[in-house]
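> sharing a sequence plus its predicted fold:
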Amino acid sequence: MAPTVYLVSGANRGIGLGLVTALVARPEVIVFAGARNPAAASDLKSLQSKYPGKLHLVKLTSADRSDNVAAVEEIKRVAGKLDVIIANAGIAKFFGSVLSTPLDEMREHYEVNVIGTTVLFQSAWPLLKESTKPKFAIISSIGGSITEGASLPAGLLAYGASKAAANFLAMKLHSEHPELVVVDLHPGPVETDMGAFAHENDDVIREGMPLITINESVSGVLSVLDAAKREEEGPKLIGYDGAIIPW
C-alpha cells in the first residue's frame, strides 16, 4: 500500500511539533515538516534521525510564495504526491481592545493566519489534487467564531478576526473544489508558547480557558482529521473534542 503523505506547516514547536511527532510514528506514512529555519529546528532534526526516510524537513515561511513553491517541489521530488496538508502555522501575539489594537498587528495576523494559509493551498494544490482522497485542514480557533469568540470580553480582535477569515477560506475551498475534504479545527487552548502568552496577556482567557496538554490536543485533532469526510453542506468548525462550534 502506498504511504500517506502529510505536510504540516509551523512544525518546529507547539501543536505543529506535536502533530508531526504523532504522525511520523504511524506506519505507512511520509511526513514533511515545514519550518521557517529547518537548520535551527533541533527537535525536528532529532525526530528526523529517529525516523530516517519517513520525516523530511522543508523550509516553509508563511505567506512566502517562493518558499511554499520550493517546498512543494521538494515534496514532489521525494514522494511524488501529497495526501493531507495541515495548515498549522499561525500567530497570536497581541491581545487588546479594538481601540488599543495597532493596525500593524491587524495586518500581521491577517498576513500569517489568512494569506499564509491561502498561499500554502495555492502552491500545493497541483500536487494535492493528484491524491485519491485529498484533505486540507486548517488549524483555526474558537476565537474566530463570531458567535462564540467576538462576544467574549477578551482582546481577540487581531487574532479572532484573522481566524474568522480563515474559517471563510475553509468554506470557499470546499465550494470551489468538489474533490477536496476541508477540515476546520479548533485545537483548544493548549500548553504552548502561544497559549502561555494568551494567559499572560488576557484575564478573560486565563480565567475562562484552562490550558490542555499538547498531547490531548493533538490526539483529538488527528481523531477528527482521520474521520473527516466530505459533507455536501461544507465543513464546520470542529473542536479537538469533536464538538461543533457555531461560526
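Happy to help now that I have it.

> contacts, neighbours, all on C-alpha from now
Fine.

> is it correct that residue 149 falls within a strand?
No. Checked against DSSP: H, G, I helix; E, B strand; the rest coil, residue 149 lies outside a strand; its state is coil.

> make 843 the first number, not 1, from now on.
With 843 as the first residue, the last one maps to residue 991.

> got the contact list for the closest residue to it other than its chain neighbours?
Spatial nearest neighbour of residue 991, excluding adjacent residues (CA to CA, 6 or more residues apart in numbering): residue 985 at 4.2 Å. Contact analysis of residue 985 by CA atoms under 8 Å, 6 or more residues apart in numbering lists 991, 992, 998, 1001, 1002, 1005, 1006.

> residue 914 too?
965, 966, 969.

> same deal with residue 937?
Here residue 937 is in contact with 943, 996, 997, 998, 999, 1000, 1001, 1040, 1043, 1044 (CA under 8 Å, 6+ apart).

> repeat the analysis, applying 10 Å as the threshold.
By CA atoms under 10 Å, 6 or more residues apart in numbering, the residues touching residue 937 are 943, 947, 996-1002, 1039-1040, 1042-1044.

> of these, which belong to helices?
947, 999, 1000, 1001, 1002, 1039, 1040, 1042, 1043 (DSSP state H).

> follow-up on the earlier one: and of the contacts of residue 914, the nearest to residue 1052?
Residue 1052 lies nearest to residue 966 out of the contacts of residue 914, by CA to CA, at 35.3 Å.

> count the neighbours of that closest one for me.
Residues within reach of residue 966, counting by other CA atoms under 10 Å, total 23.

> that one reaches residue 910, doesn't it?
Yes. Residue 966 is within contact range of residue 910, at 7.7 Å (criterion: CA atoms under 10 Å).

> ranges for the helices of this structure?
Under DSSP H, the chain gives helices at 856-866, 884-892, 907-920, 945-952, 958-970, 999-1018, 1035-1043, 1045-1050, 1056-1069.

> pipe those helices into JSON lines and attach distance to residue 1086 and mean pLDDT per row.
Below are the helices of the chain laid out as JSON lines (distance: least, CA to CA, whole Å; pLDDT from 0 to 100):
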{"stretch": "helix 856-866", "distance to residue 1086": "20", "mean pLDDT": "98"}
{"stretch": "helix 884-892", "distance to residue 1086": "32", "mean pLDDT": "96"}
{"stretch": "helix 907-920", "distance to residue 1086": "31", "mean pLDDT": "97"}
{"stretch": "helix 945-952", "distance to residue 1086": "24", "mean pLDDT": "98"}
{"stretch": "helix 958-970", "distance to residue 1086": "22", "mean pLDDT": "98"}
{"stretch": "helix 999-1018", "distance to residue 1086": "13", "mean pLDDT": "98"}
{"stretch": "helix 1035-1043", "distance to residue 1086": "21", "mean pLDDT": "92"}
{"stretch": "helix 1045-1050", "distance to residue 1086": "19", "mean pLDDT": "92"}
{"stretch": "helix 1056-1069", "distance to residue 1086": "11", "mean pLDDT": "98"}
